[in-house]
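S.K.: here you go, sequence then predicted model.
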Amino acid sequence: MSDDSTAEGTFADLGLRPELLSALTGLGYEEPTPIQREAIPPLVEGRDLLGQAATGTGKTAAFALPVLQRLAADRRIGAPSALVLVPTRELAVQVSEALHRYGRELGARVLPVYGGAPIVRQLRSLEGGVDVVVATPGRALDLVNRGALRLGEVRTVVLDEADEMLDMGFAEDLEAILDHTPDERQTVLFSATMPRRLDSLARRHLDDPVRISLGRERTEPGEAPRVRQTAFVVPRAAKPAALGRILDVEAPTAAIVFCRTREEVDSLTETLNGRGYRAEALHGGMSQEQRDRVMGRLRAGTADLLVATDVAARGLDIDQLTHVVNYDVPSAPEAYVHRIGRVGRAGREGVAITLAEPREHRQLKTIERVSGAPIAVERVPTVADLRARRLELTRSALRETLLEDASEDRLDRFRVVVETLTDEFELMEVALAAVKLAHEAGGVVDDDEEIPQVGFRPDRPDRADRSGRPGRPAGRGTEARGSGGRASGGPAARLFVGAGRDAGIRPGDLVGAITGETELSGRDIGSIEIHQKFALVEVPESAADGVVRALRATMIKGRKATVRRDRA
């Protein structure tokens, strides 16, 4: 070890068993991460711990090593001495594999327990005796109720990604499981975010815990960040084309694209496959067998894009992942933090991309504030940018071939082709033709459609009503807007919107949709009438057709609605 490494501390300084140190050395681990340095000593002492840590900071080893350290030398009893609860099957497998690697020389018996797998096999393993159980809450509680998972001898309980488990509705399951464990147990809770209800859970079940709060590893001044965070402002109707263009320019090794709904996942997957990507869908409507097949293709490299909902992608850890894309701005900043935590791990560089609509400036600023990192707003690549990038990829591929194949004489068999052609053509012409063929052989399809370049809409004070309250149009309560509201004074057109009071539509919803999707301001919108099944809204005649197109391409109050000029 170097002097710097010694100054930072080594795993040996943390008081770990020789068997664990040997396993870490064999795995190539040289020194602990900051969270491991802070968490391992108090956990080895048996203290409770409340840790707020982003994905990719090394928290699995931070709790796994102390769990193994505290295993009794004589472990002949069949009941487990440690229980690790995680939100998803995928994370259960990952954590159990880590525990198995670290505890191999200790002979640690580790069992992953989750739904979607044969319960008979899990029952048999529990009957044979295990030291550590890594489980999803639902299956763990099922096994407890069957009497197969006995928690009376548990010395340590770990709640990993606890905020995710609460978001997935496991709060009651967690309480029930903890009630079956001894009162004098050690309790460890790790979470990327710390919402109020999670803090309440911690107060009930942790005893005088050590508190640790660590984000991602900070870069030194002047260094490039490990995760490059960017946003592109895109009208909703142009999002599929914009995403394809951005991915073409970025050329990710592997990427996850997050969508809000299953329908959006399926539609976007089809679009991306049509563009030539090897995209796979992942959402809650799929069986576990389908999910496993998708993940197998992604890890094997036969797919390079995963289009998923948040729930379906929870707990996924893909080594080759280079890009995370938010197809929509996440409604909760915490979701953004979880998503980008999947890239830029273990010293690797990663990219987080967000497609934001013109009206979503405020949400993006909130995410910046919560995540503590700036998000650079860039323009959508143009056709010229795309062509330049594709040529650069062709140049890089040719250069790599020249460096590797020329040095090993693997190009000699093509020499006769070049020599024959140079009898008839200039060498430069032959080279240009060869580059053209190589470029086109890459499946390059020219994309001549320019994507609209738009920016964020500024927050407009004119959306306030006469009492100064923002977000509500001036006029007659919730049912109508005064007809003298338009600033333009020109001819008006009345539009029909096929959603009304039954759909929860209010005047503010229509004003927000129109001003968010078009260049109109609140003052440009005239009278609004909300009826039971439909609504009528006045807009300037010159902008009417554009408003119709924009509203047809967006959602109003979370639903698509018929929009046309009123026929009355």
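M.R.: In hand now; what should we look at?
S.K.: and the residue most central in space within the chain, which of the three is it?
M.R.: Taking CA atoms, centre = their mean, the centroid of the chain lies closest to R339, which sits 2.5 Å from it. Classification of R339 by DSSP: H, G, I helix; E, B strand; the rest coil places it in helix.
S.K.: for it, which non-adjacent residue is closest in space?
M.R.: In this structure, R339 finds its nearest non-sequential neighbour in V324, 5.3 Å apart by CB to CB, 6 or more residues apart in numbering. All C-beta spots, glycine's among them, are computed from the backbone N, C-alpha and C.
S.K.: in what helix or strand does I514 lie?
M.R.: Element membership for I514, per DSSP states H and E: helix 507-517.
S.K.: follow-up on the earlier one: the residue nearest to R339: what secondary structure?
M.R.: Using three-state DSSP, the structure places V324 in strand.
S.K.: hey, what's it bridged with?
M.R.: Listed beta-bridge partners, V324: I256, A352 (assigned using DSSP bridges).
S.K.: surely L99 meets A108?
M.R.: Yes. Using CB atoms under 8 Å, L99 makes contact with A108 at a distance of 6.6 Å.
S.K.: give the residues shared as contacts by these two.
M.R.: Overlap of the contact sets of L99 and A108 (by CB atoms under 8 Å, 6 or more residues apart in numbering) consists of L68, V132.
S.K.: between those two, which one's more packed in?
M.R.: More neighbours surround L99 than the other of L99 and A108, with 27 against 22 (other CB atoms under 10 Å).
S.K.: related to what we said a few turns ago, packing partners of the helix holding I514?
M.R.: Under the contact definition 3 or more CB pairs under 8 Å, 6 or more residues apart in numbering; DSSP states H and E, helix 507-517 sits against strand 528-530, strand 535-540, helix 544-552.
S.K.: how about these, which one is nearest D179?
M.R.: strand 528-530 (50.0 Å; CB to CB).
S.K.: from the chain's centroid, how far away is the closest one?
M.R.: 39 Å (CA atoms, centre = their mean, to the nearest Å).
S.K.: what average pLDDT does that strand get?
M.R.: For strand 528-530, mean pLDDT rounds to 84.
S.K.: now stretch 144-159
M.R.: Here stretch 144-159 scores 93 as its mean pLDDT.
S.K.: secondary structure element for the residue lying closest to Y102 once chain neighbours are set aside?
M.R.: Closest residue to Y102 apart from its sequence neighbours, by CB to CB, 6+ apart: A23 at 5.2 Å. According to DSSP H and E, A23 maps onto helix 18-26.
S.K.: pull out the buried positions in that helix.
M.R.: Using 16 or more other CB atoms under 10 Å as the test for burial, helix 18-26 gives E19, L20, L21, A23, L24.
S.K.: from the chain's centre, how far out does that helix sit?
M.R.: 33 Å.
S.K.: repeat for stretch 321-337
M.R.: Between the centre of stretch 321-337 and the centre of its chain there are 5 Å (CA atoms, centre = their mean).
S.K.: now the end-to-end length of it.
M.R.: One end of stretch 321-337 to the other measures 16 Å (CA to CA, to the nearest Å).
S.K.: over to stretch 439-451?
M.R.: End-to-end span of stretch 439-451 (CA to CA): 24 Å.
S.K.: if I look at T136, how far off is N145?
M.R.: 15 Å (CB to CB, to the nearest Å).
S.K.: what's the local residue count around R564?
M.R.: Residues contacting R564 under the criterion other CB under 10 Å number 12.
S.K.: for the helix or strand harbouring it, what does the pLDDT average out to?
M.R.: Following DSSP H and E, the helix or strand that holds R564 is strand 563-565. On average, the pLDDT along strand 563-565 is 90.
S.K.: strand partners of that strand, parallel vs antiparallel please.
M.R.: Its sheet considered, strand 563-565 pairs with strand 492-497 (antiparallel) by DSSP bridges.
S.K.: please save the CA atoms from the partner strand in PDB.
M.R.: Listed in PDB are the C-alpha atoms of strand 492-497, where the atom choice follows Å, rounded to 0.1, in the frame of the first residue of the first chain:
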ATOM      1  CA  ALA A 492     -61.100  34.700 -31.500                       C
ATOM      2  CA  ALA A 493     -61.800  31.100 -32.300                       C
ATOM      3  CA  ARG A 494     -63.600  28.800 -29.900                       C
ATOM      4  CA  LEU A 495     -62.200  25.300 -29.300                       C
ATOM      5  CA  PHE A 496     -64.100  22.200 -28.100                       C
ATOM      6  CA  VAL A 497     -62.200  20.000 -25.600                       C
END
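S.K.: and it, how far out from the chain's middle?
M.R.: For strand 492-497, the distance to the chain centre is 40 Å (CA atoms, centre = their mean).
S.K.: so which residues make contact with it?
M.R.: Under CB under 8 Å, 6+ apart, the answer for strand 492-497 is 486, 505, 510, 526, 534-541, 544, 547-548, 551, 556, 561-568.
S.K.: equivalent analysis for stretch 35-45, please.
M.R.: Here stretch 35-45 has contacts from 8-9, 14-16, 32, 49, 51, 53, 57-59, 61-63, 65-66, 69-70, 186, 188, 210, 212, 214, using CB under 8 Å, 6+ apart.
S.K.: how about 6 Å then?
M.R.: For stretch 35-45, the surrounding residues in contact (CB atoms under 6 Å, 6 or more residues apart in numbering) are 9, 14-15, 49, 53, 57-59, 61-62, 65-66, 69, 210, 212, 214.
S.K.: return the item of those having minimum pLDDT.
M.R.: T57 (67).
S.K.: list the buried residues of the strand or helix carrying T401.
M.R.: For T401, the enclosing helix or strand under DSSP H and E is helix 383-405. Within helix 383-405, the residues scored as buried using 16+ other CB under 10 Å are L386, R387, R389, R390, L393, T394.
S.K.: under the pLDDT cut-off, which ranges of the stretch 51-200 of the chain? List them.
M.R.: For the stretch 51-200 of the chain, the stretches with pLDDT under 70 are 54-57, 74-77.
S.K.: show me where it has its strands.
M.R.: For the stretch 51-200 of the chain, the strands defined by DSSP state E, counting those that start in this stretch cover 82-85, 110-113, 132-135, 156-159, 186-191.
S.K.: show me what the longest one is packed against.
M.R.: Right, the one you point to is strand 186-191. With contacts defined as 3 or more CB pairs under 6 Å, 6 or more residues apart in numbering; DSSP states H and E, strand 186-191 has these neighbours: strand 49-53, strand 156-159, helix 162-167, helix 196-205.
S.K.: tell me which of these sits nearest to D328.
M.R.: In terms of CB to CB, the element of the helices and strands packed on strand 186-191 nearest to D328 is helix 162-167, at 17.4 Å.
S.K.: got the CA positions of the closest one in PDB?
M.R.: C-alpha atoms of helix 162-167 as PDB (Å, rounded to 0.1, in the frame of the first residue of the first chain):
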ATOM      1  CA  ALA A 162     -35.800   1.300   2.800                       C
ATOM      2  CA  ASP A 163     -37.400   4.200   1.000                       C
ATOM      3  CA  GLU A 164     -38.000   2.000  -2.000                       C
ATOM      4  CA  MET A 165     -39.700  -0.600   0.200                       C
ATOM      5  CA  LEU A 166     -42.000   2.000   1.600                       C
ATOM      6  CA  ASP A 167     -42.800   3.300  -1.900                       C
END
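S.K.: list the contacts of that helix.
M.R.: The contact list for helix 162-167 (CB under 6 Å, 6+ apart) reads P87, L189, S191, T193, L198, R314.
S.K.: swap the cut-off to 7 Å and go again
M.R.: Helix 162-167 has contacts (CB atoms under 7 Å, 6 or more residues apart in numbering) with 85, 87, 137, 159, 174, 189-193, 195, 197-198, 314, 334.
S.K.: off-centre distance for it?
M.R.: Distance of helix 162-167 from its chain centroid, counting by CA atoms, centre = their mean, is 15 Å.
S.K.: do the same with stretch 387-395
M.R.: With CA atoms, centre = their mean as the basis, the mean position of stretch 387-395 lies at 29 Å from the chain mean.
S.K.: since we're on the closest residue to E538 other than its chain neighbours, how many residues are nearby?
M.R.: Counting by CB to CB, 6+ apart, E538 lies nearest to G526, which is 3.0 Å off, once chain neighbours are set aside. G526 is flanked by 20 other residues according to other CB under 10 Å.
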